[in-house]
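Asker: fold the following, please.
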Amino acid sequence: MPPFSRGGCVACILLGFPLTIKRTMAAGRHAVQTRNTIMTSFQWLLILFVTVPLLEIYVLIKLGSLIGAVPTIAFVVLTAMVGAKLVQAQGLVALTKVRLALDRGEVPAVPMLEGVFLLVAGALLLTPGFFTDALGFVALVPSLRQRAIGWLLRRMVVETVSPGSERRGSRTIEGEFRRHD
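Answerer: You can find the predicted model right below:
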């Protein structure tokens, strides 16, 4: 049975959260729901912090039984070192993009989001394990990172207000105020 079949994901079922995908009519987006209520951030984090370590332990044990304990540990350390160098190099490029955008007077939204992705990639690569390393290396691929950032920006509402400009619907009333007691 696939993990996300009719009954929901395995970890969610074990924790008592049967998932169903429900299409919302107004927004046209999918919402993950549990028994008529949307899952809270706490429930998602609980699933994440339970499943990822269990998956990492499983992969480490399987790989350790195939190639041995010392090569497995060496491979984990090697991926962390290589990942740290890649994150450092790409982070400096992202920082340069932020500075150039600021020098042009633009809002550096995309370069800043790239920096956030690189920060997450670095944390994933420094976390011992192969699953998190794979996710970290995926976040280091510039084309995939750009796609993810584009996807996020299409779903976000960004409102910029410059000093002195008025927002739609707001009204400024100027005057003086004195209190007489």
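Asker: from now on I want contacts and neighbour counts done on CA atoms only, so please keep to that.
Answerer: Will do.
Asker: report the buried residues of whichever strand or helix holds V82.
Answerer: Assigned by DSSP states H and E, V82 belongs to helix 69-103. Buried residues in helix 69-103, counted by 16 or more other Cα atoms under 10 Å: 72, 76-77, 79-80, 83-84, 86-87, 90-91, 94-95, 97-98, 101.
Asker: where along the protein do the strands fall?
Answerer: For the chain, the strands defined by DSSP state E occupy 19-23, 30-34, 37-38.
Asker: how near is A148 to F75?
Answerer: In this view, A148 and F75 are 28 Å apart by Cα to Cα, to the nearest Å.
Asker: surely P108 meets V98?
Answerer: Yes - using Cα atoms under 8 Å, P108 is in contact with V98, at 5.4 Å.
Asker: and F131, how many neighbours?
Answerer: 18 (other Cα atoms under 10 Å).
Asker: that one contacts L55, correct?
Answerer: Yes - counting by Cα under 8 Å, F131 does reach L55; the two are 7.5 Å apart.
Asker: just checking, what packs against the helix holding V82?
Answerer: Counting contacts by 3 or more Cα pairs under 8 Å, 6 or more residues apart in numbering; DSSP states H and E, helix 69-103 packs against helix 41-67, helix 109-126, helix 130-140.
Asker: could you redo the last one with a cut-off of 6 Å?
Answerer: The contact analysis (3 or more Cα pairs under 6 Å, 6 or more residues apart in numbering; DSSP states H and E) places helix 69-103 against helix 109-126.
Asker: CA atoms only for the helix it packs on, dumped as CSV, please.
Answerer: Output of helix 109-126 as CSV, limited to C-alpha atoms (Å, rounded to 0.1, in the frame of the first residue of the first chain):
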residue,chain,number,x,y,z
ALA,A,109,13.0,39.2,-2.4
VAL,A,110,14.3,36.4,-4.6
PRO,A,111,18.0,36.5,-3.4
MET,A,112,16.8,36.7,0.2
LEU,A,113,14.6,33.6,-0.3
GLU,A,114,17.6,31.9,-1.9
GLY,A,115,19.5,32.7,1.2
VAL,A,116,16.7,31.1,3.3
PHE,A,117,16.8,28.0,1.1
LEU,A,118,20.6,27.8,1.5
LEU,A,119,20.3,28.1,5.3
VAL,A,120,17.8,25.3,5.4
ALA,A,121,20.1,23.3,3.0
GLY,A,122,23.0,23.8,5.3
ALA,A,123,21.1,22.7,8.3
LEU,A,124,19.9,19.6,6.5
LEU,A,125,23.4,18.8,5.3
LEU,A,126,25.0,19.2,8.7
